[in-house]
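J.: After the sequence you'll find the predicted model.
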Amino acid sequence: MKSAERTRYLASLAISVLLALLVGALIMLATGHNPLEGYGALLAGAFGDERAIGNTLYKSAQLCITGLATAVASSSGIFNVGGEGQMFLGALASAWLGTLLKGSSPWIAVPACFLIAILAGAIYAWIPAVLKIKLKINEVITTILMNSIAIFFCTYMANGPLKTAERGVNQGTDALDKAFRFPRLIRSSNLTETIFWIAVISLFVWYLMSRTTTGFEMRLTGQNSRFARFAGLKAETLGILGMLISGAMCGALGMFETFGLQSRFKPDFSNEFYFDGMLVAMIMKYKPLGTILMSFFFGALKMGAVTMQSRTGISSELILIVQSIIIFFMAAEEGIMASIKARRTVRKAAMTLSKEVTG
């Protein structure tokens, strides 16, 4: 993205955010609430104390890794909508191996569980990638359908063959060894040591996509696969590589959730946060650095909305409206700018014609 184009896009994003917050304020006024109190409670819920900051960082890390997973695949020309299923398989596979390795050294067990999680996610992402590239089957359809297959399969396993015999636990696998779990960094919050793992993965993806030849070739393939093939690039291999990395990241997040907060695999561990991360990546046009930064903004909105509702009575659904408006404006940004450019061109042509006639 060129400097002028980047500046224009960031300006459009800032205007979109301000307009969305303004619409949110108008909705608060229309429903009898004070916007200053509402947004004040939202900020307090996101950054008001140690617990709030921890929860905001936790949610931001979730959005960051899922957004980057979407960005990697999309940059290489394949739209991965199957992250939720890949995440479920990564969570189940790591929990299953973790229970088998109970009692062993965490220095062996945790890396092994991480490896099987990323393999599960990558293999499950590889299937729709091959179907797309080799058979030209739409990956949006296959990944959505494969989401349901993975979620139902993992739910069956957690409620059937792998169900724990522990009393008081209605569903889920056996509990993981305490030595395998990622401890909380802030005791009263959801923030665990997984944030360091996510930071390393995010840095790797940013470096891969922004500073390496492979990343450049993947972006070129995503922009124009036909030109990439004519340029001698292995477009098919690069497309599959992007999906493998994306699936591996989703599988890793499944393992982080299981070994961080859940302590066992539970079928309800995800609240479809892959799709929230996907929207973050779409807003930032699949740019790694932009996706990372926008994740913190959306994370703050998500966590602050809970406090806003409890303190002021303003429904947390209002934040979904704000997010939707941001997405709407950013989706329309190219069309609006194209319309403005077209009008300028017409005006210049009319002025030039007028000068020639009068001259």
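T.: Cool, the structure landed.
J.: Output the below-cut-off pLDDT ranges for the stretch 101-250 of the chain.
T.: Judged by pLDDT under 70, the stretch 101-250 of the chain has no weakly predicted residues.
J.: go with 90
T.: Within the stretch 101-250 of the chain, the segments meeting pLDDT under 90 span 103, 134-136, 160, 164-172, 186-189, 210-211, 214-237.
J.: can you map out the helices along this protein?
T.: With helices called from DSSP state H, the chain shows them at 3-30, 35-47, 50-75, 83-100, 106-135, 139-159, 194-211, 213-223, 225-230, 235-257, 273-283, 288-312, 317-358.
J.: Ile118 touches Ala91, doesn't it?
T.: No - between Ile118 and Ala91 there is no contact under C-beta atoms under 8 Å: 11.8 Å. In short, each C-beta sits where N, CA and C put it, glycine included.
J.: is it possible to export the helices of the chain to TSV including mean neighbour count?
T.: As requested, these are exported to TSV (neighbours: other C-beta atoms under 10 Å):
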stretch	mean neighbour count
helix 3-30	14
helix 35-47	19
helix 50-75	25
helix 83-100	28
helix 106-135	20
helix 139-159	18
helix 194-211	17
helix 213-223	18
helix 225-230	14
helix 235-257	27
helix 273-283	23
helix 288-312	21
helix 317-358	13
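J.: For Lys178, which of those helices is the nearest?
T.: helix 106-135 (9.5 Å; C-beta to C-beta).
J.: Leaving out sequence neighbours, find the closest residue to the spatially most central residue of the chain.
T.: By C-alpha atoms, centre = their mean, the mean C-alpha position of the chain lies nearest to Gly277, the distance being 2.1 Å. With C-beta to C-beta, 6 or more residues apart in numbering as the criterion, Gly277 has its nearest non-adjacent residue at 2.6 Å, and that residue is Thr66.
J.: Now for that neighbour: which residues touch it?
T.: Gly83, Met249, Cys250, Leu253, Phe273, Tyr274, Asp276, Gly277, Met278, Val280 (C-beta atoms under 8 Å, 6 or more residues apart in numbering).
J.: try 7 Å this time
T.: Going by C-beta atoms under 7 Å, 6 or more residues apart in numbering, Thr66 touches Gly83, Leu253, Phe273, Tyr274, Gly277, Met278.
J.: Could I get the pLDDT score of it?
T.: pLDDT for Thr66: 94.
J.: From here on, call the first residue 38.
T.: Sure, I'll start counting at 38 from here, so that last one is Thr103.
J.: correct me, but Leu79 touches Lys339?
T.: No - look at Leu79 against Lys339 with C-beta atoms under 7 Å: they stay out of range, at 10.2 Å.
J.: gap between the nearest residue to Leu138 once chain neighbours are set aside and Leu228?
T.: Closest residue in space to Leu138, ignoring its immediate chain neighbours: Ala146 at 4.1 Å, by C-beta to C-beta, 6+ apart. Taking C-beta to C-beta, to the nearest Å as the measure, Ala146 falls 23 Å from Leu228.
J.: Quickly name whichever of the contacts of Thr103 is closest to Gly327.
T.: So of the contacts of Thr103, ranked by how close each gets to Gly327 (C-beta to C-beta), first place is Gly314, at 13.1 Å.
J.: show me what contacts the closest residue to Ser226 other than its chain neighbours?
T.: Once flanking residues are discounted, Ser226 sits nearest to Gly91: 2.9 Å by C-beta to C-beta, 6+ apart. Contact analysis of Gly91 by C-beta under 7 Å, 6+ apart lists Leu222, Ile223, Ser226, Asn227, Leu228.
J.: The last one - how many residues pack around it?
T.: Neighbourhood size, Leu228 [other C-beta atoms under 10 Å]: 24.
J.: And the pLDDT for the closest residue to it other than its chain neighbours?
T.: If the residues on either side of it in the chain are set aside, Leu228 comes closest to Gly91, at 3.7 Å by C-beta to C-beta, 6+ apart. For Gly91, the pLDDT comes out at 93.
J.: cool, and the one 5 residues further on?
T.: At Lys96, the model reports a pLDDT of 93.
J.: hang on, it packs against Lys339?
T.: Yes - Lys96 lies in contact with Lys339 (C-beta under 7 Å); the separation is 5.0 Å.
J.: any common contacting residues for the two?
T.: Counting by C-beta under 7 Å, 6+ apart, Lys96 and Lys339 have no common neighbour.
J.: want to try CSV for the contacts of Gly91, with distance to Val242 as columns?
T.: Shown next, in CSV, are the contacts of Gly91 (distance: C-beta to C-beta, whole Å):
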residue, distance to Val242
Leu222, 22
Ile223, 26
Ser226, 25
Asn227, 23
Leu228, 21
